[in-house]
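**Student:** A structural model of the following input is requested.
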Amino acid sequence: MPRTSSKPTVPLTTAQSLGSLVKSCRDIMRKDKGLNGDLDRLPMLTWIMFLKFLDDMEKVRETESKVAGKRFVPAVEPPYRWRDWAEKQDGITGDALIAFVNQEEAVRPDGKKGTGLFAYLRSLRGTNGGDRRDVIRSVFQGTVNRMVNGYLLRDVLNKTSGIHFTSSEEIHTLGHLYESMLKEMRDAAGDSGEFYTPRAVVKFMVSVIDPRLGETVLDPAAGTGGFLAESFEHLKKQCKNTRDQERLQKESLFGCEAKSLPYLLCQMNLLLHGLEFPQIDPDNALRFPLREIGDRDRVDIIMTNPPFGGEEEKGIQGNFPDDKKTSETALLFLQLIMRKLRRQPKPGRAAVVVPNGTLFGDGVCARIKEELLKEFNLHTIVRLPTGVFAPYTNIPTNILFFDRSGPTQNVWYYELPPPEGRKNYTKTQPIQFEEFRPCIEWWKKRDENDRAWKVPAKDVLKYDEIGGLLSVNLEIKNPTGKDDFEHLPPKQLVENILKKEHQIIEIMGEIKQLLAEGPK
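**Tutor:** All right, here's what the predicted structure looks like:
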C-alpha cells in the first residue's frame, strides 16, 4: 500500500512526468524548421532548462537572504530573469520573442528597447575572482538559439515552466533525465569515441581514490561532470566549518570540457549539486605543450574517462614528445595525466578508464607504458566486465590506478565478474555499485584469489640484448580463470580461432571417415 504524507508539498515532477514533459518539448521542436535532429534539439532544451533552473535557484537564495536579513544581489537582473520573459503563459511570443532572444538590441518584455537576452547573458561579469555570473557568461558564449518560430518556442517555454527546481527530489530526478539525454545525444552523434561513464563506475573510482578536503581534484575530460559531482558529494561530508565549505567551493574541483553541449550539461550538473562556481575550462585539455606543465599546474588527484578511438589533429600532437606522438586521444590523455600529477610533498594519484588496446598496444603505446611503470606506481588494474559501456561500445575496458610514490614493483589485477546468469549489460540493465563491493573490501587487505592476482613489473617489461624496448604487455589473463576472448590481444585471438578451426577440421575428417566406412 502506498504511504501518504501529511506534510505540505510543492508540485513535484516525477521521473515519468519529467520524461513526458521533455518528450512534449521535443515533439514541439520537431515542427521548427531551424532544428535538425536531436543534436540541435537537446542543446536547445538544455539552455532553456538551465535558465529555468537558474531562476528557481535565485528565488531560493533571495528568500534565504531575506530570512537572514542580508542584501540579495541577483546574478541575473530584471527583465532578463526567467520569471520576467518566459514564465507567463501568455507572455512575449512570435517574432518579438525570437528577436529578444537572438538580437544584440531588441524590444524587451517590459516594452523598453535594450540589450537582447543572449547578448545580456554574455556580458555578465563576476566580482572578487568569479561567481555565478561568470558561469552564466561562459555557458552562453558557445550557445545558439536555433529555433526560428517564436510561437513554437513559446510552447516549449510554457512546458518547461512545469519543472520546479526548488526541491531536492526534482534535482535528483533531473540527474536521471540528464543521463538519458546524454545517452540520446551520443546515439544521435554516432560513435565519437566518447562514452557516458555509468554512475556505478564513477562512484567506485571516487570511493577507492577517497579524495580528502584540501586536495585538488581534476577531470581533464569532464563530459557532464560525473566524477566532479561525485567528488563534491564525497568531500561535502568532510566539511565541518565555514572555511571547509569555502575550500570545497573554491579550491577543490577543476575540469576541462571542450564540447559545448557536455560543457553546458557539466556546469548545470555541478550547480545542481551545490557547487556555486564550477571551474570548468571550455577548451581542449591537450592544447598545452607537455614540457610547459610545471609544479604549479599539478594536482593531487585525477579521475577521468578520456575519449578513446578518437583522433587528434597534428597541432595537438605537436605538444607531445617526438617518441610519444600519436593521434590516439586516449594515449595523449594518459600522458597529460601522468604529467599533471603532483610529485611533492604528497604524491598525486589517478584513476583512468582505458580501452583494452592500451594494455597490449606496441610502439608509442609501449613507450608510454614503460614510463608509467618506471616513473609511477601502477598498483592496480581493475578489469571491467564486457558491455559496461553498452550500447555505445562493447570494447572491453579497464581502470588503471597509479600514483607518483615511486616505480612500480607489482601490478595487482582484479577481474570484476558479470552478474550471475548474465553475459552482458544493456541500456536498461547497467552495472550496479553493489557489484563493486567485493573489490572495495579486497582493496585495503589484498590477497590473491580467483578474482585477484599479482604480476611483478619486471615480468611485463621486455627488452632485447642491447636494451631496446620490445614490448610492455599489461594484458595478463587471470591464472585461475578461463579464456576471455573479449580481453585477448588480436594476434592471440586470431591464433586461438585458427587453432579451433584446425580442431574442427580434424573432427570433421574423422566423422567423414567413419561415415565412409559405414556401419560395422
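
**Student:** could you use CA atoms for every contact and neighbour count after this?
**Tutor:** OK.

**Student:** now the helix or strand hosting K369: buried residues?
**Tutor:** Secondary structure assignment for K369, by DSSP states H and E: helix 364-375. By neighbour count with 16 or more other Cα atoms under 10 Å, helix 364-375 contains the buried residues 364-370, 372-375.

**Student:** turn the residues you listed into CSV, including distance to L331 and pLDDT.
**Tutor:** Compiled in CSV, those are given as follows (distance: Cα to Cα, whole Å; pLDDT from 0 to 100):
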residue, distance to L331, pLDDT
V364, 9, 95
C365, 7, 96
A366, 10, 96
R367, 11, 97
I368, 8, 97
K369, 10, 98
E370, 13, 97
L372, 12, 98
L373, 15, 98
K374, 17, 97
E375, 16, 97
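
**Student:** so which of these comes closest to R298?
**Tutor:** Among the buried residues of helix 364-375, E375 lies closest to R298 (Cα to Cα), at 15.8 Å.

**Student:** what about the residue nearest to K31 when sequence neighbours are not counted, distance to T143?
**Tutor:** Among residues not flanking K31 along the chain, L152 sits closest, at 7.8 Å (Cα to Cα, 6 or more residues apart in numbering). Look at L152 and T143: by Cα to Cα, to the nearest Å, they are 19 Å apart.

**Student:** was I right to think the residue nearest to K31 contacts M29?
**Tutor:** Yes. Here L152 reaches M29: they are 7.0 Å apart, a contact under Cα atoms under 8 Å.

**Student:** rewinding a little: the helix holding K369 packs against which elements?
**Tutor:** The elements that helix 364-375 packs onto, with contact taken as 3 or more Cα pairs under 8 Å, 6 or more residues apart in numbering; DSSP states H and E, are helix 329-340, strand 469-472.

**Student:** dump the shortest one to PDB, restricted to CA.
**Tutor:** C-alpha atoms of strand 469-472 as PDB (Å, rounded to 0.1, in the frame of the first residue of the first chain):
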ATOM      1  CA  LEU A 469      62.300  -1.900 -25.700                       C
ATOM      2  CA  LEU A 470      60.400  -4.900 -27.200                       C
ATOM      3  CA  SER A 471      57.100  -4.800 -25.500                       C
ATOM      4  CA  VAL A 472      55.100  -3.800 -22.400                       C
END
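
**Student:** returning to that earlier point: how many neighbours does the residue nearest to K31 have?
**Tutor:** For L152, the count of nearby residues is 19 (other Cα atoms under 10 Å).

**Student:** next one: it, what pLDDT does it get?
**Tutor:** In this model, L152 is scored at 98, pLDDT.

**Student:** got the contact list for it?
**Tutor:** 28-29, 31-32 (Cα atoms under 8 Å, 6 or more residues apart in numbering).

**Student:** mark which of those are buried, thanks.
**Tutor:** Buried among those by 16+ other Cα under 10 Å: 28-29, 32.

**Student:** can you list the residues that contact stretch 287-299?
**Tutor:** Under Cα under 8 Å, 6+ apart, the answer for stretch 287-299 is 215-218, 316, 318-321, 336, 339-343, 348.

**Student:** circling back to that earlier point, note down every partner strand of the next helix or strand after the helix holding K369 and its orientation.
**Tutor:** Per DSSP H and E, the first helix or strand lying C-terminal to helix 364-375 is strand 377-383. Strand pairing for strand 377-383, determined by DSSP bridges: strand 397-403 (antiparallel), strand 410-415 (parallel).

**Student:** give me the distance from strand 377-383 to the chain's centre.
**Tutor:** For strand 377-383, the distance from its own C-alpha centre to the chain's C-alpha centre is 21 Å (Cα atoms, centre = their mean, to the nearest Å).

**Student:** next one: stretch 296-316
**Tutor:** Distance, centroid of stretch 296-316 to centroid of chain: 13 Å (Cα atoms, centre = their mean).

**Student:** buried ones in that stretch, by neighbour count?
**Tutor:** So for stretch 296-316, counting by 16+ other Cα under 10 Å, buried means 298-308, 311, 316.

**Student:** what mean pLDDT does that stretch have?
**Tutor:** Rounded mean pLDDT across stretch 296-316 is 88.

**Student:** and the end-to-end length of it?
**Tutor:** Termini of stretch 296-316 sit 22 Å apart (Cα to Cα).

**Student:** what's the closest of the contacts of L152 to N158?
**Tutor:** When the contacts of L152 are compared against N158 (criterion: Cα to Cα), the nearest one is I28, at 11.3 Å.

**Student:** which secondary structure elements does the helix or strand hosting the closest one contact?
**Tutor:** According to DSSP H and E, I28 maps onto helix 15-29. The elements that helix 15-29 packs onto, with contact taken as 3+ Cα pairs under 8 Å, 6+ apart, are helix 38-68, helix 150-160, helix 168-189.

**Student:** what's the least confident stretch among the ones you listed?
**Tutor:** helix 168-189 (a mean of 60).

**Student:** give the next helix or strand downstream of that one.
**Tutor:** Assigned by DSSP H and E, the successor of helix 168-189 is helix 199-209.

**Student:** in that following helix, which residues are buried?
**Tutor:** 199, 201-206, 209.

**Student:** do you know how far the closest residue to A330 other than its chain neighbours is from G357?
**Tutor:** Distances taken as Cα to Cα, 6+ apart place F308 nearest to A330, at 4.8 Å, with adjacent residues excluded. The spacing between F308 and G357, counted by Cα to Cα, is 10 Å.
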